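need a structure here:
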Amino acid sequence: MKVLYIGDIFGEEGLVYLEQNIEYLKKTYKPNLILANGENVSYGRGLHFTHYQRLMKMGINYVTMGNHTFSNVDIKNFINNSNIIRPANIPTDIGKGYKVIKYNNKTVTLVNLLGRVYQNMSLDCPFKTLDSILKESKSDYYIIDMHAEATSEKIALAHDFDGKVDVVVGTHTHVQTADERVLPRGTIYITDIGMTGPLNGVIGNTKEDIIKRFRTGVYERAGVEKGPRQINAVIMELDGKKSIARIHLEETNLL
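Predicted coordinates:
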């Protein structure tokens, strides 16, 4: 099974650029399953219904989220009947933290987890949450989106569940890492898939706004950077000889 996982889609810029290039990705990599992190799709925070519909129209099968899952309250109106998976360790009954996906005669359990380090220590423990999910759900494959700030938390979870799950991919920090590999017991891993959106901003935001924030210490809502865009993703083979390869496209060299 080949899985294409698209890194955090940021704002209209990321959404449009993905729409322009999704057919290229499909034809080039021929994935059986297309996944994406969508917690930043709507203006950099959360996911509105109209934007969710555009993701589905592109052929993205399931969307995982993160710390901005409920930043747009509109999501509460449609998440329960959608292909959205919110972090399983958020203590809420709204939405689902994992889903079992059927593909041909196989099943895939897709899990979204949210890291606690530098984010929200009041969340349920992502490690113990995953323990419980693995006891509840029996599937042929397990794919985990670990949406976390600390690289150590992502790596620790991957090693803890090495051989118990097929994939642990990191999202949230928006910079694609170069540590993709298959761990000793067979789990595919990368610390961060990267971001799909503005190329020259600060992790998607307008660079002037973020520079001002660092210089003054005053937090103001930042805009979404304009200009050249990028797509970051990974393509993974889950059967036979497992593998993972990074994908990076820039507007300067494609479309």
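
where in this structure is pLDDT low?
Within the chain, the set of residues satisfying pLDDT under 70 comprises 253-255.

which residues does the most centrally placed residue in it contact?
The residue lying closest to the centre of the chain (Cα atoms, centre = their mean) is Asn37, at 3.0 Å. For Asn37, the contacting residues are 5-9, 63-66, 145, 147, 171, 193, by Cβ atoms under 8 Å, 6 or more residues apart in numbering. C-beta coordinates here come from the backbone N, C-alpha and C atoms, glycine included.

Give me the subset of those lying in strands.
Within those, residues falling in strands by DSSP state E are 5-6, 8-9, 63-64, 145, 147, 171.

So what's the residue count around Leu183?
For Leu183, the count of nearby residues is 16 (other Cβ atoms under 10 Å).

Residues in a beta bridge with the residue nearest to the centre of the chain, which ones?
Counting by DSSP bridges, Asn37 is bridged to Thr64.

ok, now how distant is it from Ser132?
Using Cβ to Cβ, to the nearest Å, Asn37 is found at 22 Å from Ser132.

ditto for Arg86
16 Å.

Of these two, which one has the most company?
When Arg86 and Ser132 are compared for neighbours, Arg86 comes out ahead with 25 against 14, by other Cβ under 10 Å.

Who are the contact partners of the more buried one?
Residues near Arg86 by Cβ under 8 Å, 6+ apart: 65, 69-70, 79, 92, 94-97, 112.

And Tyr98, by the same measure?
By Cβ under 8 Å, 6+ apart, the contact set of Tyr98 is 85, 88, 109-112, 133, 137.

Widest-spaced pair of those residues?
By the measure Cβ to Cβ, Asn112 and Ser137 form the most distant pair in the contacts of Tyr98, at 13.4 Å.

which one of the two has more residues nearby?
Between Asn112 and Ser137, Asn112 has the larger neighbour count (other Cβ under 10 Å), namely 31 against 15.

Which helix or strand contains that one?
For Asn112, the element it lies in under DSSP states H and E is strand 106-114.

the strands in the stretch 101-250 of the chain, which residues?
Per DSSP state E, counting those that start in this stretch, the stretch 101-250 of the chain carries strands over the ranges 106-114, 141-147, 167-171, 181-182, 188-190, 195-198, 229-237, 243-250.

With respect to Gly223, which of those strands lies nearest?
Among the strands of the stretch 101-250 of the chain, strand 195-198 comes nearest to Gly223, with 10.1 Å by Cβ to Cβ.

for the closest one, packing partners?
On a contact count with 3 or more Cβ pairs under 8 Å, 6 or more residues apart in numbering; DSSP states H and E, strand 195-198 meets strand 8-9, helix 11-29, strand 229-237.
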